[in-house]
Each structure stands twice: as C-alpha cells, then as structure tokens.
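Visitor: No sequence on hand, only this structure:
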C-alpha cells in the first residue's frame, strides 16, 4: 500500500430541506389552518480517527465527498427526514486544515475521536410557524439553508514516542528491525527508507512504546535536497529523539554528520531542535574495544555534547537492550510529569509551537520549489526548435 501523508479533498455538507406550504384538509373542517412541516437538516461531514489505519491512501483518488441533503417537509405537520451524516475514517494523528485559509480545524489523536469539518444546512420552516391571530392562512415558508462546503487539507503526523534521526545509511532501519517486529527495507545504499516506519518495542508485559524511523536527512534538506524535510513532521509529537550516528562512515567525519542533522532540525523548527535528544553511536562492533572509547570521546568533544550517549551495534544487537530499557524509564517518567497541570499545559503549548514552525518551514519550501519550477518554465520558453534543426537548402542544377 502506498504511503500517503497529505491529501486535499472537497467536503460538501448536505442542504437543509425546504419548509412545506400546506393546509389541513378534512371533511367537516372547512378552515383547518396551516399544517406545513419543517424540512430535515442536511447531513454533516465528520472525520473519525481509526487505529487500524496508517495512511491517507483512501483519499488518493476520490476527492469530492458529499453528505445527504435533508428531505422537504410535508403536510399534516410532518417534518422531512434529516440527511445522513458522512463519517470519513482517517488514521490517528491526522490534522485537518481549511486549504484556502490554512486555518487548523482540528487534530485527531485518539481512537474513535470525531471532528466536524462541514456542518449540514438547517432545515427550513413550514407555514405552520407563521400562523397568528391576524394571519390565519399564512403562505410564508423558509427554504432550507445550504450546507457548508470547503476544501480540506488532511495531514498525517504519525503518533510515536521516540523518533530516529540520522543521515542515510546511519543504521536507523536496522535498529528498528533489531528492537521491534517492524521489517523496513535494509540495504547498503542510501535512501533505502522512503516512507516513515513504525515499530512497537515491548520491554515487559504491559510495557511498550512506539518508535518511528523516518527517511534520512542530508545537508540542504531544508532547501529541498534529497527527500526534503517533509517527513520531519512525523517526529513533532515524539517525547524523545534518538540521533543515530555512524561512527565509521564511508566518507566524512561522524561529528560533522551530526552537526548536519542538528542544523537541518534547527531550520525546520528551532523549538524541536531544543527537544531532548540522545546521541546513539552505531556500528561500534566495527571497532576494537580499545578504539571504541577513544572514538566516543572524540565525537563528544567535537560536538561539545552534554546529553546521554550510547554505544550500540544495530546489526548485532549489542547495547540495544540497555538503550530500550532506558527509553522506557524516560517515557514512564514523562507520563508521571504529565499529571501536573502546569507541565501538561507547557507541553501542549510547546507542541503547538513546533507544529506552527514546521508548517511554516514546509510552506516556505513549497514556495521555493514553485519559484524554481517557474524559473525552469521561463528558461524552456526561450528554447527554439529552429535553432537546433538541420537546415536543408534545395537547389536546381
């Protein structure tokens, strides 16, 4: 199944049914009075989070979604049937935006949570509502109101506790394979991972967390190089970032590679760059024991690193178990801190700040790419086929 994390759709809520113009007609009741019923309300459109979904691919081809309209009212004070609401199932972590204004409508973070994205029109009023002592045979009715219609942009941000950062081929996919049942593709060439992968790490019974592996970043990703920074949005909700560094890269210096990731993270969201990040030095099995400590200290000194540092080998599993246990303790401590209302409010405010910064970065990147495309189109306009054709001259002997 193709991974789709952003789509634009059109939502059309149902129109309300018209009010009815009717009068009571019965034998021996010559002046029965008005009895026109109200129209039914139009159906609304809701998004509902479903934990069984992990992509927005269901919206890839169908773009227009319409709820049922309400039925017109009838005589004998019969109200019309209301239109059926339309429920669109989306993955947990989906955010809905008004595509024309960019306004955030809502965010779905829990299973079965619902979000109203287009409200149905109100049903019209029948003439029974207009009778009075001076108007005993009213002929006024109110038509049903139009339902809301709007373009929606749906963005999926995967829900994970831990996010993996690193250059291509740093060993992120190998690590997630070693500690969970996830089986992302692993190969000896860069950009093997093209879409985010999620894995559930089980420590003990009833103790687990979700880890997210995103495609590798390269220098200049914030300007569109490589796969760009669009996948960084999938780690905005994480509680912890693991910075995976290859201690024996094919070229370059490990410390410099770590700085590249830190710089790209800073350009994407300065607030996310300040998020708690652990340094994980991978492929330590390729070094002798005497060299491991020296290599570790050299990287720490070069980065002036103050946070936790772990030596692992994702390929052999060495050091991964201790790392996962420490992550579990960190997450449990974070859960306890969230019970404090002040801390919870700070975390929510911080998340909103990260999301705003991230969306602004992606918007600026989209504008940059559009400018580049426009520039290429202008250059193509200068191309003249005649300049490159072979000119044939016919002469008569």
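Guide: Great, that's in hand. These numbers come from a predicted model, not from an experiment.
Visitor: In contact with the closest residue to residue 319 other than its chain neighbours, which residues are there?
Guide: Spatially, and ignoring its direct neighbours in sequence, residue 319 is nearest to residue 312 (3.6 Å; CB to CB, 6 or more residues apart in numbering). Every C-beta, even on glycine, is put in place using the N, C-alpha and C of the backbone. Counting by CB atoms under 8 Å, 6 or more residues apart in numbering, residue 312 touches 175, 280-282, 284, 318-320, 323.
Visitor: mind listing the strands for the stretch 101-250 of the chain?
Guide: Along the stretch 101-250 of the chain, counting by DSSP state E, counting those that start in this stretch, strands occupy 104-107, 114-118, 149-156, 162-165, 197-204, 207-213, 240-246.
Visitor: can you tell which of these is closest to residue 58?
Guide: With CB to CB as the measure, strand 149-156 is the member of the strands of the stretch 101-250 of the chain nearest residue 58 (10.4 Å).
Visitor: Now do that closest one: distance to the chain's middle.
Guide: Relative to the centre of its chain, strand 149-156 is centred 11 Å away, using CA atoms, centre = their mean, to the nearest Å.
Visitor: Give me the residue ranges of this structure where confidence is low.
Guide: 1-3, 187-193, 222-230, 377-397 (pLDDT under 70).
Visitor: Residue nearest the middle of it, spatially speaking?
Guide: For the chain, residue 156 is the residue whose C-alpha lies nearest the centre (CA atoms, centre = their mean; 1.9 Å).
Visitor: picking up where we left off before, quick check: phi and psi at the residue nearest to residue 319.
Guide: phi -140, psi 170 (degrees, to the nearest 10).
Visitor: From residue 261, how far off is it?
Guide: Separation of residue 312 from residue 261 (CB to CB, to the nearest Å): 17 Å.
Visitor: just residue 375 next, same as before
Guide: 29 Å.
Visitor: More neighbours: those two, which one.
Guide: Neighbour comparison, residue 375 and residue 261: the larger count goes to residue 261, with 24 against 10 (by other CB atoms under 10 Å).
Visitor: about what we covered before: can you say which of the strands of the stretch 101-250 of the chain is packed in most?
Guide: Neighbour counts (mean count of other CB atoms under 10 Å) averaged over each of the strands of the stretch 101-250 of the chain peak at strand 162-165, with a mean of 26.
Visitor: Which residues outside it are in contact with it?
Guide: For strand 162-165, the surrounding residues in contact (CB under 8 Å, 6+ apart) are 172, 175-176, 209-214, 217, 234-235, 238-244, 261, 265, 277, 327, 331.
Visitor: Could you check how many residues crowd around residue 237?
Guide: Residue 237: 19 neighbours (other CB under 10 Å).
Visitor: so it makes contact with residue 159?
Guide: Yes - assessed by CB atoms under 8 Å, residue 237 is found in contact with residue 159 at 6.1 Å.
Visitor: any common contacting residues for these two?
Guide: Counting by CB under 8 Å, 6+ apart, the contacts common to residue 237 and residue 159 are residue 93.
Visitor: Just want to check the distance between residue 17 and residue 66.
Guide: To residue 66, residue 17 is 16 Å away according to CB to CB.
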